[in-house]
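Undergrad: Sequence plus predicted model, see below.
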Amino acid sequence: MTSISPTPPPVAPRDEIDLLAMLQSLRRQKVLIAAVAVLFALVAAVYAYSVTPLYEVSTLLRPAALNELDALNRSKVYSLPPAEALNRVGAALDSYETRLGYFRSNAELQAVFRKSGHTEEQAFEAFNRDALKLVQPDPKKSNLLSLFIGLEMRYPQGVNGKEALNGLVQYAIESERRQISEDLKVIIDNRLKEVDARLAVARVDYDAGKEGEIAALLEADELKRAQLNDELRALRVQLKQRREDRIAQLSEAISIARTLGLRKPTTPSAMGRSEVEVTGNVITEVNNQQIPLYFMGTDALEAEQQALRKRTSDDFVDPRIAQIRRELLMLSSNRQVQMLQKRQNEELFVKGIDALRAERTRLMTIPTDMAGLRLVSIDRLAVEPVNPVKPKKVLIIALGLILGGVIGSLVALLRYVVTKRPHEQVRIGFTHMPKKIETEINSPTLTAG
């Protein structure tokens, strides 16, 4: 009898994995997995407790109150708003030079960060790169109320981190105070030089103005003196001409008086009475006219003529000459010029000098010692930390345990694949067939009847 061989089902792919068998294998090898996990956890624990712990401290700075900087801003030579003062301190804390200066002044930091064979600059590079971190707010979202400057420092065990960080902050603040003091001194010195230059210009202008005023006064006096002398000469010439004219008149009158036989002063009416035939009309006509000079008689006329010829000066004749002499005498010395030349403290007469001297005095009284200036408000000082930030022992051990469990599971799976692969090759394609049919098909006694 011919045996009937059932048609074999489609052969399953060779890479198909039986998840249930794999999970059963992992359960059977749980001791191995646990041992590997514990081993890794122990290694992690050894690392966590052997590595040098790192601690972290931080400080927070905020803008100072307005009244803290009011005295500096009211000096009108230096303007420093609170936000700018905070930024300046933040820039100093982030400055390479400031950090290097503080590092060199702190022997404890040098002893910790300077390793064998390293120079001071290399030790500082490690400190500056790994230990310090400046924290600032987002400039797009910041306002005056949210402004702050934060500084964090990580350090190994054996360093007084609280004192080191607070010291760095104070070092940066003192550095900025010194810089502000130096800037203020330079600004005040420049302002003083400017005021002194304006004072010198004012004095030069005053001297030039005074010399110009003296020159103008002397020139006016000289002109007036020349005019008066010209007038005086003209008057003297005029008076002399008048005297000569008078002498000529007297000579003519003397000649007429001699012709008429008049030696003594007389009048036309008296001469009329002495004549035999004289009409009243003639006497009336003579009386209505000015009495001629020759009626004075030769004696009087000759006496006057002789006196005029003997006269050496006619100045007393015209009162204007005396007035001119008075004016010339007054022009001989200008009292205003003398007072201008005798001024002792001439700065009192310089225009605008009072304001300049007041400004100079104000600049001289501005204090330049900024030792007590409060640039920022320390919102939070650095305090001694309780626990180190590195290493996190619990986390490291937990990660070691998890990693050990994962590696142990991989080892168990690898053992499962290695030990079960020959059997899987025989049973490929029958994993989904009923067990009874699978046994019959694979039995070697199945033959033809």
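TA: Received, thanks.

Undergrad: going forward, measure contacts and count neighbours with C-alpha atoms only.
TA: OK.

Undergrad: Report the separation between the residue nearest to Ala85 when sequence neighbours are not counted and Arg62.
TA: Using Cα to Cα, 6 or more residues apart in numbering and skipping residues adjacent in sequence, the residue nearest Ala85 is Leu375, 5.7 Å away. As for Leu375, its distance to Arg62 is 10 Å (criterion: Cα to Cα, to the nearest Å).

Undergrad: so what sits against both of these two?
TA: Leu86 (Cα atoms under 8 Å, 6 or more residues apart in numbering).

Undergrad: from memory Gly150 sits against Leu132, does it?
TA: No. Gly150 is not in contact with Leu132 according to Cα atoms under 8 Å; the separation is 10.6 Å.

Undergrad: For those two, indicate the residue with more neighbours.
TA: With neighbours defined as other Cα atoms under 10 Å, Gly150 and Leu132 compare such that Leu132 has more, 21 against 18.

Undergrad: OK, contacts around that one?
TA: By Cα under 8 Å, 6+ apart, Leu132 lies in contact with Leu151, Glu152, Met153, Arg154.

Undergrad: In helices, which of those fall?
TA: Judged by DSSP state H, the contacts of Leu132 include no members of helices.

Undergrad: a markdown table for the residues you listed, including distance to Arg225, neighbour count and pLDDT?
TA: What follows is the contacts of Leu132, written out as a markdown table (distance: Cα to Cα, whole Å; neighbours: other Cα atoms under 10 Å; pLDDT from 0 to 100):
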| residue | distance to Arg225 | neighbour count | pLDDT |
| --- | --- | --- | --- |
| Leu151 | 88 | 22 | 93 |
| Glu152 | 92 | 16 | 92 |
| Met153 | 93 | 22 | 91 |
| Arg154 | 96 | 21 | 89 |
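
Undergrad: quick check, nearest of those residues to Arg104?
TA: Arg104 lies nearest to Met153 out of these, by Cα to Cα, at 16.8 Å.

Undergrad: If the closest one is in a bridge, with which residues?
TA: Beta bridges link Met153 to Val57, Leu132, judged by DSSP bridges.

Undergrad: OK, contacts around Tyr49?
TA: Tyr49 makes contacts with Lys393, as judged by Cα under 8 Å, 6+ apart.

Undergrad: Off-centre distance for the helix or strand containing it?
TA: Here Tyr49, judged by DSSP states H and E, is contained in helix 30-50. Relative to the chain's own centre, helix 30-50 is displaced by 65 Å; criterion: Cα atoms, centre = their mean, to the nearest Å.

Undergrad: Next, the buried residues of it.
TA: 30, 32-34, 36-45, 48 (16 or more other Cα atoms under 10 Å).

Undergrad: swap in stretch 229-245?
TA: Of the residues in stretch 229-245, Leu232, Leu235, Arg236, Leu239, Lys240, Arg243 count as buried by neighbour count, 16+ other Cα under 10 Å.

Undergrad: which residues touch it?
TA: Leu308, Asp314, Asp315, Val317, Asp318, Ile321, Ile324.

Undergrad: The second one in helix, strand or coil?
TA: For Asp314, the assignment made with DSSP: H, G, I helix; E, B strand; the rest coil gives coil.

Undergrad: what about it, neighbour count?
TA: With other Cα under 10 Å as criterion, Asp314 counts 17.

Undergrad: Kindly report the same for the third one.
TA: Applying the criterion other Cα under 10 Å, we find 15 residues in the vicinity of Asp315.

Undergrad: what's the spacing between the residue nearest to it when sequence neighbours are not counted and Thr312?
TA: Leaving aside its chain neighbours, Asp315 sits nearest to Ile321 (6.0 Å; criterion: Cα to Cα, 6+ apart). Distance of Ile321 to Thr312, computed by Cα to Cα: 15 Å.

Undergrad: Please say which of the two ends up with more neighbours.
TA: Ile321 (19 against 8).

Undergrad: Provide the backbone phi and psi angles at the residue lying closest to Ile366 once chain neighbours are set aside.
TA: Nearest non-adjacent residue to Ile366, counting by Cα to Cα, 6+ apart: Ser75, 6.9 Å away. Ser75 adopts backbone torsions of phi -70, psi -20, taken as degrees, to the nearest 10.

Undergrad: count of residues packed around Ser75?
TA: Neighbour count for Ser75, taken as other Cα under 10 Å: 14.

Undergrad: Which pLDDT value goes with it?
TA: We have a pLDDT of 87 for Ser75.

Undergrad: repeat for the one 10 residues further on
TA: With respect to pLDDT, Ala85 scores 92.

Undergrad: Spit out the contact partners of it.
TA: Residues near Ala85 by Cα under 8 Å, 6+ apart: Pro63, Leu375, Val376.

Undergrad: Helix or strand: which one has it?
TA: Using DSSP H and E, Ala85 falls within helix 82-93.

Undergrad: mean confidence score for whatever helix or strand comes next after that helix?
TA: For helix 82-93, the following helix or strand on the C-terminal side (DSSP H and E) is helix 96-105. When pLDDT is averaged along helix 96-105, the result is 92.

Undergrad: Report the angle between helix 96-105 and helix 82-93.
TA: Here helix 96-105 runs at an angle of 60 degrees relative to helix 82-93 (axes from the mean of the first three to the mean of the last three Cα atoms, to 10 degrees).

Undergrad: Just the buried residues of helix 96-105, please?
TA: Residues Thr98, Arg99, Leu100, Tyr102, Phe103 are the ones in helix 96-105 that count as buried (16+ other Cα under 10 Å).

Undergrad: any chance of the residues you listed in TSV, plus distance to Glu219?
TA: Output for the buried residues of helix 96-105, formatted as TSV (distance: Cα to Cα, whole Å):
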residue	distance to Glu219
Thr98	70
Arg99	74
Leu100	74
Tyr102	75
Phe103	78
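
Undergrad: Tell me the one of those nearest Arg177?
TA: Distances from Arg177 to the buried residues of helix 96-105, taken by Cα to Cα, are shortest for Thr98, at 12.9 Å.

Undergrad: Return the distance of the closest one relative to Arg129.
TA: Counting by Cα to Cα, the separation of Thr98 from Arg129 is 14 Å.

Undergrad: Same check on Ile33?
TA: 42 Å.

Undergrad: Report how many residues lie close to Ala220.
TA: 13.

Undergrad: distance of Phe103 from Leu69?
TA: Phe103 is 30 Å from Leu69, where distance means Cα to Cα.

Undergrad: meant to ask about Gln305, not that
TA: Separation of Gln305 from Leu69 (Cα to Cα) stands at 102 Å.

Undergrad: quick check, nearest of the buried residues of helix 96-105 to Ile187?
TA: Closest to Ile187, out of all of the buried residues of helix 96-105 and judged by Cα to Cα, is Thr98, at 23.7 Å.

Undergrad: From Ala37, how far off is that closest one?
TA: 49 Å.
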